[in-house]
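Visitor: mind folding the following:
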Amino acid sequence: MTIIKVIIPAYNEEDCITNVIVDIPDIVSEIIVVNNNSSDTTFETAKKAGATTLTETNRGYGYACLKGMEYISKLSEKPDIIVFLDGDYSDYPEELTKIVAPILEKDIDFVIGARVKELRQPGSMTGPQLFGNWLATGLMKLFFRSKFTDLGPFRAIKYGKLLALEMEDKTYGWTVEMQLKALKRKYTYLEVPINYRNRIGVSKVSGTVKGAIFAGVKILGWIFKYSLKK
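Guide: Next comes the predicted model:
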């Protein structure tokens, strides 16, 4: 049986984390919520909903993802597939089956849920998000002949392939780092169109000017770093 585990970084998501957890399909063997130094009841709420709960006190998306990976590395039985999913309920967790299908059925290494326009709820992605996606994926296409159209956080990857990437970004560059390293290692990859809705609460990145600027700088930094290594 294929073992699938989900890692959910979560910062102050007490109002929506239960929705995320209960909507994840039963094919998942373990849901790991990494409480990223929340000031609310995210940890307790996620635990009550049935998730394995961890705490990462260093604030940052990458920090939380790495914490989840560290936990998994210590398990006696390792997963076959890791799925990353945000804790804000903007994605539809039940679409996880669509995300992992290319890995299970076609042996694809890496799959991203693409937030395509026709499946997005109006206003669910901000102007800075849309521009950042367009710029980052355009540069990846220019420098690496990439076919990516999105930096969507809802993604699945074979566990062994994930380990081989030696992920290191601690904050906003996590998603683009994974995509760039996957391109560099010539992983097989696909994008799967997914639905996307307005998140519950305010975004900690795109919802603030500071967050959007830092995210943009980090993402562009990774792209230019890898373009110089060609």
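Visitor: quick check, pLDDT for the residue most central in space within the chain.
Guide: The centroid of the chain falls nearest to P153 when counting by Cα atoms, centre = their mean (2.9 Å). pLDDT recorded at P153 is 95.
Visitor: I'd say it and T175 touch.
Guide: Yes: P153 is within contact range of T175, at 5.8 Å (criterion: Cβ atoms under 8 Å). Heads up, the C-betas are built off the backbone N, CA and C, glycines and all.
Visitor: how about the strands in the protein?
Guide: Ranges of strands within the chain are 4-10, 30-35, 52-55, 81-84, 110-114, 155-158, 189-193, based on DSSP state E.
Visitor: pairing partners for the third one, with directions?
Guide: Spelled out, that is strand 52-55. Sheet partners assigned to strand 52-55 using DSSP bridges are listed as strand 30-35 (parallel).
Visitor: list the contacts of the strand it pairs with.
Guide: If you take Cβ atoms under 8 Å, 6 or more residues apart in numbering as the criterion, strand 30-35 is touched by 5-11, 17, 21, 24, 42-43, 46-47, 50-56, 64-65, 67-68, 71-72, 79, 87.
Visitor: apply 7 Å and report the result again.
Guide: If you take Cβ atoms under 7 Å, 6 or more residues apart in numbering as the criterion, strand 30-35 is touched by 5-10, 17, 21, 24, 42-43, 46, 51-56, 64, 67-68, 71, 87.
Visitor: then stretch 169-178?
Guide: Contacts of stretch 169-178 (Cβ under 7 Å, 6+ apart): 60-63, 65, 136, 151, 153, 165, 167, 205, 214-215, 218-219, 221-223.
Visitor: can you select the buried ones among these for me in PyMOL?
Guide: Selection of buried members from these for PyMOL, criterion 16 or more other Cβ atoms under 10 Å:
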select buried, resi 60+61+62+63+65+136+151+153+165+167+205+215+218+219+222+223
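Visitor: which ones among the contacts of stretch 169-178 map onto helices?
Guide: Secondary structure assignment by DSSP state H places 61-63, 65, 136, 165, 214-215, 218-219, 221-223 of the contacts of stretch 169-178 in helices.
Visitor: from these, which two are the most distant?
Guide: Taking Cβ to Cβ as the measure, these span a maximum distance of 22.4 Å, between L165 and F214.
Visitor: specify the beta-bridge partners of the residue nearest to F154 when sequence neighbours are not counted.
Guide: Using Cβ to Cβ, 6 or more residues apart in numbering and skipping the chain neighbours, the partner closest in space to F154 is G113 (3.7 Å). Taking DSSP bridges as the rule, G113 bridges to V192.
Visitor: pop out the phi and psi values for R145.
Guide: Main-chain dihedrals, R145, degrees, to the nearest 10: phi 60, psi 30.
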